[in-house]
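Asker: Predicted model and sequence below, questions to follow.
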Amino acid sequence: MRSHTPPLATSSPSSLFLAAVACGALAAACGASPAAPDGSPPAGPAPAAQAVPGDNAGGAPTDAAPPQTAAMPAPAGGDPTAAQAGAEPAAASAAPAKPSDGCPDGMARVPGGSFVMGPLKVKATVGDLCMDRTEVTAESYAACVKAGKCTDTLASCAKEASTYGVAGKEKQPMVCVDFAQAQAYCAAQGKRLPRDDEWEWAARGGEEARPYPWGGEAPKDQLCWSGGGAARKTACDVGSFPAGANPQGIQDLAGNVFEWTTSANDGNGKMRVARGGSWRDGIPPLVRTARPGGFEVTYRCGFLGIRCVVEPAAAAAQ
């Protein structure tokens, strides 16, 4: 079934060229094998206080001599200074502290910048950003549910492609989450979903403008997808394709699952851009860094998941 094309948005730099994928049209495809290339619709802390010596009770100086350290006897026939030296504690050699990039564990810092986005040549500017190195896994989402900060409503929507609570799929991306659930998960981690332009800037390697996160080479075995004769029925464990990482080592920005962004791509705000393509896609154009997808905010399926971002800490090393 071919989906209708939604009205073009005016509220986002990319809104005039995004292809929205309707909820009803894709619902039947959740967890399905990829469509043939000729007819597949786009799926769419403060330093510690130093101790200050206090005054004595009367305020007058004391004549008490400081305590003396008793010298240890020298061993028989040995150097009398050796024992004294032995009483001195060895100075610990502290390893130099690793510079902080201002990002939490599991995230990588993406330097900001400006670029021209989309066929309408709209200039977009992105600030420094911390981005999750991998997509959110089913086990991480389950932990959020257990903590009472996320919901598992319809978390098994895609049958074969579902990952939530499925043994052996704990490391696969969490799927079957709608836009609100994706937002709630990121907020529970003190993070947020990325904007469309932030996502693309990271995936393209910033000013390098890579067609794919790894560079200009056509996709082959750098990602989890259904190209090259390897048709898939579900996603792959996150981080399984390190050769497909962007310059900062962020993985799975192409293939595996689409990732929600906060950017609307229609006039009434019912649609959101999703990025990265998925395991269902089998031809190169569908996993390029510039290719968007569109989903209704209430849509959920087996090829749409979550990646979070956050601003770097202000005190981070620059």
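Answerer: Nice, thanks for sending it over. From a predicted model like this one, the values you see are computed outputs, not experimental measurements.
Asker: And the helices in the stretch 51-200 of the chain?
Answerer: For the stretch 51-200 of the chain, the helices defined by DSSP state H, counting those that start in this stretch occupy 80-87, 138-146, 179-188, 196-203.
Asker: which helices and strands does the third one pack with?
Answerer: Under the contact criterion of 3 or more Cβ pairs under 8 Å, 6 or more residues apart in numbering; DSSP states H and E, the helices and strands touching helix 179-188 comprise helix 138-146, strand 258-260. Glycine gets a C-beta too; all of them are placed from N, C-alpha and C.
Asker: One more: the second one?
Answerer: Judged by 3+ Cβ pairs under 8 Å, 6+ apart, helix 138-146 is in contact with helix 179-188.
Asker: Could you give the average pLDDT over the helix it packs on?
Answerer: Mean pLDDT, helix 179-188: 98.
Asker: ditto for stretch 204-214
Answerer: 98.
Asker: And it, end to end?
Answerer: Distance between the two ends of stretch 204-214: 8 Å, counting by Cα to Cα, to the nearest Å.
Asker: got the contact list for that stretch?
Answerer: 110-111, 113, 115, 203, 215-216, 218-219, 222, 243-247, 250, 253-254, 287-290 (Cβ atoms under 8 Å, 6 or more residues apart in numbering).
Asker: Equivalent analysis for stretch 141-155, please.
Answerer: Residues contacting stretch 141-155 (Cβ under 8 Å, 6+ apart): 162, 164-165, 170, 174, 176-177, 181, 184-185, 188-189, 300, 306.
Asker: Quick one: buried ones out of those?
Answerer: Taking 16 or more other Cβ atoms under 10 Å as the criterion, what is buried in those is 162, 164, 174, 176-177, 181, 184-185, 188-189, 300, 306.
Asker: and these, which two are the farthest apart?
Answerer: Greatest spatial distance among those (Cβ to Cβ): Ser162 and Gln189, at 22.2 Å.
Asker: residues touching Leu253, list them.
Answerer: Here Leu253 is in contact with 202-203, 213, 244-246, 275-276, 289 (Cβ under 8 Å, 6+ apart).
Asker: one step back: greatest separation within the contacts of stretch 141-155: which pair is it?
Answerer: So, the contacts of stretch 141-155 by Cβ to Cβ: farthest apart are Ser162 and Gln189, at 22.2 Å.
Asker: mind listing what Cys186 touches?
Answerer: By Cβ under 8 Å, 6+ apart, the residues touching Cys186 are 192-193, 306, 308-309.
Asker: Adding distance to Ser100 and pLDDT as columns, could you present these in a markdown table?
Answerer: Formatted as a markdown table, these follow (distance: Cβ to Cβ, whole Å; pLDDT from 0 to 100):
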| residue | distance to Ser100 | pLDDT |
| --- | --- | --- |
| Arg192 | 21 | 98 |
| Leu193 | 24 | 98 |
| Ile306 | 25 | 99 |
| Cys308 | 19 | 98 |
| Val309 | 17 | 98 |
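Asker: State the distance from Thr289 to Gly229.
Answerer: Distance of Thr289 to Gly229, computed by Cβ to Cβ, to the nearest Å: 24 Å.
Asker: what about these two, which has more around it?
Answerer: Remark: of Thr289 and Gly229, Thr289 carries more neighbours, 22 against 6, as counted by other Cβ atoms under 10 Å.
Asker: In space, what's closest to Ala124 - neighbours in sequence excluded?
Answerer: Asp197 (4.0 Å; Cβ to Cβ, 6 or more residues apart in numbering).
Asker: Just to check, that neighbour is in contact with Val126?
Answerer: Yes. Between Asp197 and Val126 there is a contact at 5.9 Å, judged by Cβ atoms under 8 Å.
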